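Participant: turn this into a model:
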Amino acid sequence: MKFDVSVVDAVCEHVVGRRGEIEVVVAALAADRHILLEGPPGTGKSTLLRALADSADVSFVFVEGNAELTPARLAGHFDPARVLSDGYAPDVFIDGPLTEAVREGALLYVEELNRVPEETLNLLITAMSEREVHIPRLGRIPAADGFRLVAAMNPFDAVGTARISAAVYDRMCRVAMGYQTDVEEVSIAARESGAAAGELTAKIVELVRLTRQHPEIRIGSSVRGSIDTLLIAARLSEIRQNGSGQTMLDASLAALSGRIRVHEGTGRTAEEIITELFFTVFDDSPETEGDPSGKGSTPAGVTTD
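Facilitator: From the prediction side, this is the model:
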């Protein structure tokens with residue numbers, strides 16, 4: 001398992017605008033450290049780690065972090081049917097993702113780490129500290145060379161998350177990942193949607209980025225909102241045979257209204273706020289002032305043929 005500048009260059013071909021973070025992650029893995037990527041949804045944490053595993057040609061074991069991830073699901077369990085006939089023999093044990101990664105010396109990727117129950121996190125702490133796993137009736141399983149934990153998580157205030165203990169943080173190197181620049185998000189949105197990186201894509205990205213700054217919005221949309229808006233708008237334009245302002249607004253509402261979270265006590269709905277932001281970005285023609293429906297108008301950058 002070799003982590004060097006060639007891996008950095010290879011990962012950068014798949015991840016937009018993250019070279020600094022990629023270099024730090026590769027250096028930490030080269031130093032045999034465990035890694036935690038922390039940042040809002042849609043900032044490329046999973047993309048970076050998957051690209052890293054592919055580029056470095058290392059084994060990669062994926063675990064989806066959630067409240068149902070029990071210690072038994074993470075470490076593994078004895079097959080109940082075979083235990084009745086063969087007892088607690090080693091070959092009766094079914095490896096879970098942690099045990100599999102420990103045996104193979106693989107990267108164990110845990111997504112949404114701060115949704116994992118505390119008792120399950122304790123297994124990870126032992127694996128990181130002692131480089132081994134202890135399983136009742138099976139015994140000690142030492143970690144093969146190359147085993148590392150790489151994890152990603154959203155900020156604590158995201159829905160369904162819990163605070164990670166100091167014991168976990170103390171055993172991992174943390175890399176913070178914020179939102180990328182507007183230019184980088186335009187590049188991502190264009191690449192993933194197949195749209196041109198032109199004025200329309202830039203305006204959609206601007207709309208999405210404004211959701212992260214609005215005082216009535218607690219959690220704004222990630223760049224996935226830009227991608228979905230562009231994809232839906234393209235298909236909706238084909239169905240309606242036009243690319244009118246209403247078509248763009250409808251696409252924006254469908255893509256963004258479920259992604260944002262408004263503050264409790266806000267007197268407006270997500271749809272109303274997105275509509276306001278939409279016309280902040282697109283309504284630059286006098287004819288459409290005061291017309292929230294967008295009917296009869298065409299936002300700048302939107303084609304009608």
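Participant: show me what the longest helix anywhere in the chain is packed up against.
Facilitator: Longest helix in the chain by number of residues, with DSSP state H as the criterion: helix 223-240. When contacts are defined as 3 or more CB pairs under 8 Å, 6 or more residues apart in numbering; DSSP states H and E, helix 223-240 sits against helix 182-193, helix 199-210, helix 245-256. In this view, the C-beta of every residue, glycine as well, is placed from N, C-alpha and C.
Participant: rebuild these as TSV, extending it with mean neighbour count, mean pLDDT and distance to residue 264.
Facilitator: Output for these, formatted as TSV (neighbours: other CB atoms under 10 Å; pLDDT from 0 to 100; distance: least, CB to CB, whole Å):
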stretch	mean neighbour count	mean pLDDT	distance to residue 264
helix 182-193	19	92	28
helix 199-210	22	94	21
helix 245-256	22	93	19
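Participant: dump the ones you listed to a markdown table, plus distance to residue 145.
Facilitator: Shown next, in a markdown table, are those (distance: least, CB to CB, whole Å):
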| stretch | distance to residue 145 |
| --- | --- |
| helix 182-193 | 36 |
| helix 199-210 | 43 |
| helix 245-256 | 45 |
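Participant: out of the ones you listed, which comes closest to residue 106?
Facilitator: Ranking the helices and strands packed on helix 223-240 by distance to residue 106, with CB to CB as the measure, places helix 182-193 first at 28.3 Å.
Participant: returning to what we had before: the longest helix of the chain - what's its average pLDDT?
Facilitator: When pLDDT is averaged along helix 223-240, the result is 93.
Participant: chain center to that helix: distance?
Facilitator: With CA atoms, centre = their mean, to the nearest Å as the basis, helix 223-240 stands 21 Å off its chain's centre.
Participant: what does stretch 235-248 give?
Facilitator: Once both centres are worked out by CA atoms, centre = their mean, stretch 235-248 turns out to sit 30 Å from its chain's centre.
Participant: equivalent analysis for stretch 57-75, please.
Facilitator: The chain centre lies 16 Å from the centre of stretch 57-75; the measure is CA atoms, centre = their mean.
Participant: what residues sit buried inside it?
Facilitator: By 16 or more other CB atoms under 10 Å, the buried positions in stretch 57-75 come out as 58, 59, 60, 61, 63, 65, 69, 71, 74, 75.
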